[in-house]
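Chemist: Next input, structure requested:
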Amino acid sequence: MSPTSPGAAPRRLTSQDFRTLGLAALGGALEFYDFIIFVFFAAVIGKLFFPADMPEWLRLIQTFGIFAAGYLVRPLGGIVLAHFGDMFGRKKVFAFSILLMALSTLGMAIMPTYATIGVLAPILLVVMRILQGAAIGGEVPGAWTFVAEHVPLRRVGFACGFLTSGLSLGILLGSSIATVINTVFTPETIEAGAWRIPFFLGGVFGLLSVWMRRWLQETPIFNEMKESRALAPELPLKSVLRDHMRGVVISMLLTWLLSAAIVVTTLMTATLLQKIYGYTAQQSLAATSFGTLFLIFATSAAGAIIDRVGSGRFFIVGGVFFGAATFAFYSYAGTSLTVMFALYAVMGLSVGIVGGVPYVMVRAFPARVRFSGLSFSYNVAYAIFGGLTPIAVTSMLAVNPMSHAYYLLFIAGLAIAIGIYLSLRGETVEAAAGIEELTERMARS
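Modeler: Residues are numbered from 1 along each chain as shown. All right, here's what the predicted structure looks like:
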């Protein structure tokens, strides 16, 4: 159904809706912070958890390999957690995912290094990273499903965009705390133990978020399905793969767009600004934080816009803006610090296109298998594209120093193609899927 159709529910967001959105977004921010803080201290962790006589390039590859392990395990964790979410309730899985993330992050904060326990150190690091990956695999699709099923039909885009802003806030927290640690402490002090501080903070705040999420209520959609015995009669993933492959494909393509935009423009750019454009670590991290501020605003705005104009036009226009803004940034970032910051602000706004991604994805699957369909599509695609993007882009840089920019131009083209496809299909991915009759009925109540 088109977001502007006359049958859409007229109810406005209530204070309870905003409370639910706020708690969900805050928990998502803290969980995403826990997952990505690793990348900001990868170099230090590599020195401490691998043999001192190992070549620097090999140590760095192994460290980023451990980082990628978190991505690769996401599909398994996401599929398992989503199965229980579709069968037994969104809220329980929503709480468990952040508890798992908090405990594994605390585990990283207190782990002994290679100098203390030898080869067990990197093994334990891999285990903790795997647990983090399993947790985040259930968190993101679970959060989108949770908020989408709490709000009126015509506010699904804003709700999902607002939640995505919370995830972006987690990136901002990570880059900001990394900036503070690198500014306050010397490299020697960081290696001596200051690197543990952000992991400890993440674990503590994660436990606090677990406590806060106990105030959340199960989604009205799931409660009504449970009462009417409309839950999936078989393995939810089996139904997804048999009946909703169109939704899976479009969701995976949208996840490629989301992962490429976030990984390159946010997680990798701090390093690119140092290696290619000659900025210091402090300047690069500060710029990343600055650009992420605009990304946080833009994702919520994108959700509100897509509610009004529909997904087709949104991704066509958003793709053009994204391609132009990212190419301009990487072309002129080396001009001066001021120009770089200004262009990063514009690029941050353009990356807000990712705020429209979950709007299409939650509408691509019927409620009884929504969590499983979204989780499978998102996590498998993110494992592939999110995990391999840093390796692919870094490898291409050896051939062309603007490879990262050309890669994002390709992603912009993908966004435009998706927009055209959605326009031709009248805003729907699945003929009988999406936030359909149940959502409308609950939204009017």
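Chemist: Just the buried positions in stretch 42-54, please.
Modeler: Neighbour counts over stretch 42-54 (16 or more other CB atoms under 10 Å) mark 42, 43, 44, 45, 46, 47, 48, 49, 50 as buried. For glycine as for every other residue, the C-beta is placed from the backbone atoms N, C-alpha and C.
Chemist: Isn't the last one up against residue 122?
Modeler: By that I understand residue 50. Yes - using CB atoms under 8 Å, residue 50 makes contact with residue 122 at a distance of 6.2 Å.
Chemist: List just the nearest of the buried residues of stretch 42-54 to residue 168.
Modeler: Closest approach between the buried residues of stretch 42-54 and residue 168, by CB to CB: residue 42, at 20.5 Å.
Chemist: The closest one and residue 194: what is the separation?
Modeler: The gap separating residue 42 from residue 194 is 15 Å, by CB to CB, to the nearest Å.
Chemist: Check the spacing between residue 117 and residue 313 real quick.
Modeler: Taking CB to CB, one finds residue 117 at 56 Å from residue 313.
Chemist: Likewise for residue 77?
Modeler: Residue 77 sits 35 Å away from residue 313, going by CB to CB.
Chemist: who's more crowded, those two?
Modeler: More neighbours surround residue 77 than the other of residue 77 and residue 313, with 24 against 16 (other CB atoms under 10 Å).
Chemist: how many other residues sit next to the closest residue to residue 253 other than its chain neighbours?
Modeler: Ranked by CB to CB, 6 or more residues apart in numbering and with sequence neighbours excluded, the top spatial neighbour of residue 253 is residue 418, at 6.0 Å. By other CB under 10 Å, 24 other residues sit near residue 418.
Chemist: isn't residue 418 right next to residue 315, touching?
Modeler: Yes - applying CB under 8 Å, one finds residue 418 in contact with residue 315, separated by 5.2 Å.
Chemist: So which residues of the stretch 101-250 of the chain form helices?
Modeler: Using DSSP state H, counting those that start in this stretch, the helices of the stretch 101-250 of the chain run over 114-117, 120-148, 156-184, 187-189, 196-212, 220-227, 236-243, 245-262.
Chemist: Just send the ones you listed back as TSV, with mean neighbour count and distance to residue 319 too.
Modeler: What follows is the helices of the stretch 101-250 of the chain, written out as TSV (neighbours: other CB atoms under 10 Å; distance: least, CB to CB, whole Å):
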stretch	mean neighbour count	distance to residue 319
helix 114-117	13	45
helix 120-148	24	21
helix 156-184	24	17
helix 187-189	11	41
helix 196-212	19	34
helix 220-227	17	31
helix 236-243	18	27
helix 245-262	22	9
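Chemist: nearest to residue 334, of those?
Modeler: Short answer: helix 156-184, nearest of the helices of the stretch 101-250 of the chain by CB to CB, at 20.3 Å.
Chemist: residues contacting residue 409?
Modeler: When contacts are counted by CB atoms under 8 Å, 6 or more residues apart in numbering, residue 409 touches 323, 326, 327.
Chemist: Tell me the gap between stretch 181-200 and the middle of its chain.
Modeler: Relative to its parent chain, stretch 181-200 has a centroid offset of 26 Å by CA atoms, centre = their mean, to the nearest Å.
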